[in-house]
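Asks: pasting the sequence and the predicted coordinates here, then a few questions.
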Amino acid sequence: MKYIFLILILIGCYSQAQDKLKIEYQVKFNDQYDRGRQDRMHKGYLFIDNSRSRYYTIQETKYVPKNENDIMIMPDTGNQVFINSEQGMLISEELNMKGNTYFVTDSLYPMKWEVSDEVKKIDSISCIKAESFFRGRKYIAWFTPDIPLSFGPWKMGGLPGLIVDLHDKDENLVIRLTGIARSSQSFIMPDEIKYSMEDHVAEIRKLIKRLKSNSRAGSSGDCLTCQQQSVIQFFTWEKFPE
Amino acid sequence: MRILLVMIFLALIKNLSAQQKTLTGIILSSAGKPIAGATVLRLKSDSSGFSAFAISKADGSFVLNTIANGNSIRLEIRHISFETKKIDLDTSLEKWSDGISVTLLERTKELQEVVIKRELPVITRSDTIVFNANSYKTPEVRKVEDLLRNIQGFTVDPNGKLSFNGKSVEKVLIEGDDLADKGYQMITRNLDASMIDKIEVVDNFNNNRLMRNIEQTNKVGLNLKIASKYKARLSGSSEIGLSAQERFLADLNNIYIGKQIKWLGFFNYNNVARDPAGNVGYYYQQEGGQTDLEDHEAIQVPVLETGSINMPAIGDRHIKDNSDLGTAVMNSFKLGRFSRFSTLAGYNDLTLRNRAGSTVETHISDQEKWILNNVMSSQGRSKDLLVRGSFQQDRGKKHVTRIDLAFQAGYRRNGFSDLLSGTVKDSLDEKLKHRMNAVRLDWLETFMLKKEVLRMSMNYVRGSFGQKLNNWSQRYLSFWGLDSSYRRNGHEFEYTREFFQLQLKLNGHKGKWQYEYGAVAEYRKMSYLSQHKIMSEFQKPDLVPQPTFSDVEGMQAKGLFRAGLKTGKKGRLGVSGELGIERIRNDMNVPGFAVFSGSASYVHSISLLRSIRFKYSVFNGFAEYGKLYPIGLLSGNGTILNGLNFQGPESSHTVSGTWQSNNFYKQRNWSVSVNYKFIPRNYGLVMTAKPEFSEFGFGLTRNNKLATGVFNWESFVPAVKGRIGSSVNLNAARYKNRLNGVEGISERAGVNTACWWTSGFKSLINIELRGGTTYSMGRWNNGTRNSMWQHHSSAKFKVKAGNKWYGALSNNSFILSQGSRFTAMDLFISYQATGSLVLHVTGTNLLNTGRIRESSVMPYSSSQSSFYLVGRYILLSGNLSF
């Protein structure tokens, strides 16, 4: 039953004003990336309304801390990204240390794709391989020119076809298309933008610096002979140069 | 106005496009509106794909790079709401340098809605890895065992024992229930792979719920999840096969998986070398056999076996006279909320016939050697019956009771004829009857105390094994200046063994420490009764049956402790020890002695699938308790040897290191392990021949030094679009050996290498190539030396045609240094006739050439055997799932 299968249902004609699609992805995310392995399953949803899109994920497997010192801050929906390709705008949802979310503008499809000659069929869909190095990770995408939509999951896109499969080199993030359906759901682009991506990164750097200095201060304190020093490590999915 | 804007736009980009070798343009709808998000592809000249692309912006404009002036190009413009349009351009024409305007028509064809349901092949969750079975099924996969072979990290030995990432698989559960205990081969060799949905690999497996996360087991458990469509109803599969070469196959397995009841039954009768039961007789050893201390890793490496080369069993696996009937039923019933009762009943009937010729050359000393030419034929039939029951009760969160009761009875009948020439002349025709039975009771109570877990267990085993030999032999023996002739016509033998053990263990943890301490008391008793009749020139008149009776009792009491310390996030340091005394009462003057074992280990687990381990262990005691007892050798050649002796307990030191890495995401698996073992004291057997000789045969060794090294590497390599693998296995041993009363130094060394390449499973045509060489040498007393090598190669071509047809053709070749060679071809074709019916054509040993031979080399002897019967057949079969 769960073997790969394909159902084709014919739907009515499109007009340009009715280009609303709901694209579903299966998402596997290793939330211990760069530190270990703990895969968790998510559902990914990409809603497309003409030249706009909204992508978000909902977890299917709950997070289980690997040890009692682990703290994971996450919203109910993760990796939320809005795109308005007419305006060349990408808005992503980010988190602060309190777990509150806010929106950040980012460049639309800044990654440079190298499209290869490698072709494979994923189910009955003909796909072409493309690779890109984006913010510290190498991504491999399989897109299909048969569905001429330049959208994709998360911040990925800008290819001459919908992204069907996407994963990073170590498969910490694996995203696979599971369905395309017509949708009546509409969404509103966020209008309260807190930062540009550059400002957001600068804020994160400031925060990390502050936490590291606090950690050193806390461990040294007034104790002149103390040798103990805490080591705080920060891991971010997107890596920005120092 | 819009047209004016377009013209301004095109004018603006004119110069730019000409200089940068770009093509510019604008995409418009038939109503003249700009179209955003359209993809513009520059197609390759052979239409095999595209070489450049662009996406139109909000104003419909696009810029396509890498356009070489002077070439004719073809563009394809696509949009989800518009019809695809292709246009050919001659870029040398001046007008295109101004840019192009393309008008798309609204899509009139209906667009497809797509639903794809699929799952990822591997998911890692904490200490559990979940494999999606469908990702590993190929047309050649029939049973669960075949499926596991396809999963990176699993190995299956010839007896069906499984290991994953170098760790042995303790149990195979079905939907969380233990139906087959340690004889899980019955499940893995019979259950149809199509019924499996997921395979869960649980690391640090512990069957005792209360002990999970408290005890480090270093063992792995498998849990098979059944596909939902096979649940809560009677389902299964059946395969029937026939061949013109008098071959047959009848296989039926059925399963019922409900909430209260789980049931698995199978029946398999064939003469095509399928071992359905995984040897029901295996349970004999478990229930009443001789291996008492199987957990002592120090004894796992058999010194005397290393260095020999055995041919893969190509010849005897398909002899048509050999048949195997296996059937078993396993049940599990849920009784109320906390209790479960499971039963297993199995029956196996195995018929084996074989004919072989062999030449054995044994170097007694530098001056003297024996040459024995042997023509043997054997036939045997064994019937094994197994019944076992298990009761488990989980009383809430704090108490678990588990009671296992097993009974097994077996009957075996063997015939053997032997014509021996050379140094020893002999003819023999004999019939052997064996019977065995065993009963085992295990009772385990586990209590969760305030800070610790208490385990109290009682184990009782009683097993008996008897043989009755009737033969007629005429023998003339001439060696060492002694001539003798005799005939023998009867021998009876029986031994009974009892084992009783009480254990008390406490487990707990404090901070980073985990600990266990406890006490064990054991009682063993072995009774041995033998009587035989021999007629010989030396012993006239005919002997009346001479009963030999031996009764041995042993008692052991010891204390034990284990402790584990977490070092950092990934390391774990472990120490363990056992210390006690053993008293033995028998007629071989074994005094009381101290038994002890200990180990120190360090494990660094980088992840669930990557770890490095070091271990040192020491052991002193009887690794195989049965060696204490006299056991007669009953083969035709061995009737003269009626004693088996062991001189004192052995001790051993072992140092090992292992690196294991299995990366599913990079499709790479590699491991390195080294092992060194030193046994300073006696190890092995001494056969005494009475009354003529004081000692005969090879046996007792001292100062054994054994080193092994294993390297395995396999990875997907994009450059060759497939997997490449290699393995190297090195071994070397040196020890003082005692051969027929003469003591000397034995040395042996061997290397086994293999490499392979296999293309992926996804494309239509796949190729697998394998090749390897094995070399082994042995030296006795720095003089006599033997060596041999073997080359093997195989090639396999697999073709998939559509979703229904699949074919595989493989060729296997072996070349041995003694001039023996063998080549055979196997064929497999499958056709998926309907969703539930698959038809197979299996051709085995087709186009075979050469003789099948088996060779081995030891420091002081070499042997070579030829099997006369080679199976060659084509089997037509059909597999129906229901």
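Replies: On my side now, so go ahead. Residues are numbered from 1 along each chain as shown, chains lettered A, B, ... in the order given.
Asks: hmm, stretch A:26-37 touching chain B?
Replies: Yes: contact of stretch A:26-37 with chain B (CB under 8 Å from any CB of the partner chain) involves A:Gln26, A:Lys28, A:Asn30, A:Gly36, A:Arg37. C-beta: built from backbone N, CA, C; applies to glycine.
Asks: okay, and the fourth one sits in which element?
Replies: By that I understand A:Gly36. Here A:Gly36, judged by DSSP states H and E, is contained in no helix and no strand.
Asks: which two of the residues of stretch A:26-37 next to chain B have the greatest separation?
Replies: Pairwise distances across the residues of stretch A:26-37 next to chain B (CB to CB) peak at 22.1 Å, for the pair A:Gln26 and A:Gly36.
Asks: out of the two, which sits in the busier spot?
Replies: Shown here are A:Gln26 and A:Gly36; by other CB atoms under 10 Å in any protein chain shown, A:Gln26 has more neighbours (20 against 17).
Asks: wait, a strand at that one?
Replies: Yes: under DSSP: H, G, I helix; E, B strand; the rest coil, A:Gln26 sits within a strand.
Asks: you'd agree it is up against A:Met41?
Replies: Yes: the pair A:Gln26 / A:Met41 is scored as a contact, 7.2 Å apart, by CB atoms under 8 Å.
Asks: now the strands for the stretch 201-350 of chain B?
Replies: Assigned by DSSP state E, counting those that start in this stretch, the stretch 201-350 of chain B shows strands spanning B:220-226, B:235-243, B:247-257, B:261-270, B:323-335, B:339-363.
Asks: go on, chain A?
Replies: Taking DSSP state E as the test, the strands found in chain A are A:5-10, A:20-30, A:39-49, A:52-59, A:77-84, A:89-95, A:101-106, A:114-122, A:125-134, A:137-144, A:162-168, A:173-182, A:193-196.
Asks: what comes into contact with the last one?
Replies: With contacts defined as CB atoms under 8 Å, 6 or more residues apart in numbering or on different chains, strand A:193-196 is touched by A:Ile91, A:Tyr102, A:Phe103, A:Val104, A:Thr105, A:Asp106, A:His200, A:Glu203.
Asks: residue contacts, the second one?
Replies: Just to be clear, that refers to A:Tyr102. Going by CB under 8 Å, 6+ apart, the list of residues near A:Tyr102 reads A:Glu93, A:Glu94, A:Asn96, A:Glu192, A:Lys194, A:Tyr195.
Asks: rerun that using 10 Å as the cut-off
Replies: The contact partners of A:Tyr102, taken as CB atoms under 10 Å, 6 or more residues apart in numbering or on different chains, are A:Glu93, A:Glu94, A:Leu95, A:Asn96, A:Pro190, A:Glu192, A:Ile193, A:Lys194, A:Tyr195, A:His200.
Asks: B:Gly265 contacts B:Ala328, correct?
Replies: Yes: in this structure, B:Gly265 is within contact of B:Ala328 by CB atoms under 10 Å, at 7.1 Å.
Asks: which of those two has more neighbours?
Replies: Just comparing B:Gly265 and B:Ala328: by other CB under 10 Å the higher neighbour count belongs to B:Ala328, 26 against 18.
Asks: got a list of what the more buried one touches?
Replies: Contacts for B:Ala328 (CB under 10 Å, 6+ apart) come out as B:179-180, B:183, B:186-187, B:190, B:253, B:264-268, B:276-278, B:280, B:344-348, B:386.
Asks: which pLDDT value goes with the closest residue to it other than its chain neighbours?
Replies: Nearest residue to B:Ala328 in three dimensions, chain neighbours excluded: B:Gly346, at 3.6 Å (CB to CB, 6 or more residues apart in numbering or on different chains). Predicted confidence (pLDDT) for B:Gly346: 81.
Asks: rewinding a little: quick check on the contacts of A:Tyr102: which are buried?
Replies: The neighbour-count test (16 or more other CB atoms under 10 Å in any protein chain shown) marks A:Glu93, A:Glu94, A:Pro190, A:Tyr195, A:His200 as buried among those.
Asks: what about the nearest residue to B:Asn254 once chain neighbours are set aside, how many residues nearby?
Replies: Residue nearest to B:Asn254 in three dimensions, not counting chain neighbours: B:Gly236, with 3.2 Å by CB to CB, 6+ apart. Close neighbours of B:Gly236, defined as other CB under 10 Å, add up to 19.
Asks: pull up the gap between the residue nearest the centre of chain A and chain B, please.
Replies: By CA atoms, centre = their mean, chain A has its centre lying nearest to A:Trp154, at 3.7 Å. According to CB to the nearest CB, to the nearest Å, A:Trp154 and chain B sit 17 Å apart.
Asks: quick one: contacts for that residue?
Replies: A:25, A:27, A:44, A:46, A:55-57, A:78-81, A:92, A:139, A:163, A:166, A:173, A:175, A:237.
Asks: ditto for B:Cys755
Replies: Contacts of B:Cys755 by CB under 10 Å, 6+ apart are B:Trp713, B:Glu714, B:Ile724, B:Gly725, B:Ser726, B:Ser727, B:Val728, B:Leu769, B:Arg770, B:Gly771, B:Gly772, B:Thr773.
Asks: repeat for B:Thr39
Replies: Taking CB under 10 Å, 6+ apart as the contact definition, B:Thr39 lies against A:145, A:147-150, A:159-161, B:27, B:50, B:53-56, B:62, B:76-80, B:84.
Asks: what's opposite B:Ser759 in the beta bridge?
Replies: Beta bridges link B:Ser759 to B:Gly722, judged by DSSP bridges.
Asks: isn't it right next to B:Lys800, touching?
Replies: No: counting by CB under 10 Å, B:Ser759 sits too far from B:Lys800 to count as a contact (11.9 Å).
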